[in-house]
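# sharing a model that was predicted from the sequence below.
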Amino acid sequence: RISDSGRRLLEDMEPFYKEMFGLTELEQRLRKYFGLKHVWIVPGDSDSSVHTKRELGKAGCAALRKMMNKDDVVAVTGGSTLASVANQLTTQTPLKGNWFVPARGGLGESLDYQANTIASTMAKRTGAQYRLLHVPDHLGEEAYLTLMQEPNIREIVDVIRSARIVIHGIGDAMVMARRRRVNEEVIAAMTTEGALAESFGYYFDRVGAVVHKMPTAGLRLEDIMETEVVIAIAGGSSKGEAIAAVMRFGHDDILVTDEAAALVIVAMLDEEQQ
């Protein structure tokens, strides 16, 4: 157990232990290299530590609270890291005028990790409002055009695309492609094109170029590029290259990651500069 005063003391000490572990220097280096407004790095490796994964979610909450204004619309993607953010998100006063919405449709994976579930959890924990998008995550061109004619779908999609803040995860391209049941021919083509990372339904290569996309009823790339605040949250040594690829795309403002991923990214940068 920990008292409120103890919790505040730990939060006040955070800058000091970050300095001790060299995390402040890592944050500054990543912020400068990728041109980001803020970088949060938590100690450890979320690939192997449940505690680090929890701390990553906690840092994601801090980043989101820092950027949220009254009456904001916040679009969220799915995944276990975003679920960790949702399950720890709290606010001092209810956010009655704010909205949480899914950035995309369902993935067909665990319900706990779907964007709809995460958006509703965030809203319930903060006293905000939410809307859900009950469509598959990936659609064929014909199905996409048909769905966009439905007034109810069109209305929620317009709300999603009006979001001032987007908070998203980052995945390994091949892992995410197989989870989304992308056919082997397309996976082979993406491998040839050098796909490393997946985020908001788009696949990126090492330099941050989009090498593959699929029609989705949620946020499009052009919406991300116009969004005022884009927060990426991902960690683990296995995600280092993928995180760097999405950061090089150049439309994120804030990165929340862990020490292991940051060290992989810095090692990549050092190798490239030799």
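Sure thing, it's come through. Everything numeric in this text was worked out from a predicted model, so none of it was measured.

# what ranges in the protein fall below the confidence cut-off?
Applying pLDDT under 70 to the chain flags the ranges 7, 9-22, 107-109, 137-139.

# doesn't Ala75 belong to a strand?
Yes. With DSSP: H, G, I helix; E, B strand; the rest coil as the criterion, Ala75 is located in a strand.

# give the contact list for it.
101-103, 160, 163, 165-167, 218-219, 227 (CB atoms under 8 Å, 6 or more residues apart in numbering). In this view, the C-beta of every residue, glycine as well, is placed from N, C-alpha and C.

# could you do Ala262 as well?
Contacts of Ala262 by CB under 8 Å, 6+ apart are 23, 26-27, 30, 41, 240.

# now, which of the residues you listed sits nearest Val266?
Among the contacts of Ala262, Leu26 lies closest to Val266 (CB to CB), at 6.6 Å.

# give me the element that closest one is part of.
helix 23-34 (DSSP states H and E).

# now swap in Ala195 and tell me
Going by DSSP H and E, Ala195 is not in any helix or strand.

# what's around it, how many residues?
26 (other CB atoms under 10 Å).

# go ahead and confirm it touches Met176.
No. Using CB atoms under 8 Å, Ala195 makes no contact with Met176, being 9.6 Å away.

# overlap in contacts of those two?
With CB under 8 Å, 6+ apart as the test, Ala195 and Met176 both reach Tyr203.

# just to revisit the earlier point, top of the contacts of Ala262 by number of neighbours, please.
Ile41 (26 neighbours).

# please enumerate residues in contact with the helix or strand that Ile156 is a member of?
Using DSSP H and E, Ile156 sits in helix 151-160. Helix 151-160 is contacted by residues 73, 75, 99, 101-103, 131-133, 135, 147-148, 217-219 when judged by CB under 8 Å, 6+ apart.

# any of the residues you listed buried? List them.
Buried residues within these, defined by neighbour count using 16 or more other CB atoms under 10 Å: 73, 75, 99, 101-103, 131-133, 135, 147, 217-219.

# mind listing which of those residues are in helices?
With DSSP state H as the criterion, helices contain Leu147 from among the buried ones among the contacts of helix 151-160.

# export the buried ones among the contacts of helix 151-160 as CSV, with columns for distance to Ala260.
Shown next, in CSV, are these (distance: CB to CB, whole Å):
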residue, distance to Ala260
Val73, 33
Ala75, 28
Trp99, 34
Val101, 31
Pro102, 29
Ala103, 26
Arg131, 36
Leu132, 34
Leu133, 33
Val135, 35
Leu147, 40
Ala217, 34
Gly218, 30
Leu219, 28
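
# among the buried ones among the contacts of helix 151-160, which ones are in strands?
73, 75, 99, 101-102 (DSSP state E).

# tell me the one of the residues you listed nearest Gly60?
Nearest member of those to Gly60, counting by CB to CB, is Ala75, at 14.4 Å.

# any buried residues in stretch 190-201, and which?
Within stretch 190-201, judged by 16+ other CB under 10 Å, the buried ones are 190, 195-201.

# of the residues you listed, which belong to strands?
Per DSSP E, the subset of the buried residues of stretch 190-201 in strands is 197-199.

# and the helix holding Ile156, C-alpha only, in PDB?
The C-alpha trace of helix 151-160 is given here as PDB (Å, rounded to 0.1, in the frame of the first residue of the first chain):
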ATOM      1  CA  PRO A 151     -25.600   7.500 -42.300                       C
ATOM      2  CA  ASN A 152     -24.900   6.100 -38.900                       C
ATOM      3  CA  ILE A 153     -21.400   4.800 -39.900                       C
ATOM      4  CA  ARG A 154     -20.700   8.100 -41.700                       C
ATOM      5  CA  GLU A 155     -21.600  10.100 -38.600                       C
ATOM      6  CA  ILE A 156     -19.200   8.200 -36.200                       C
ATOM      7  CA  VAL A 157     -16.500   8.200 -38.800                       C
ATOM      8  CA  ASP A 158     -16.700  12.000 -39.100                       C
ATOM      9  CA  VAL A 159     -16.400  12.200 -35.300                       C
ATOM     10  CA  ILE A 160     -13.300  10.000 -35.400                       C
END
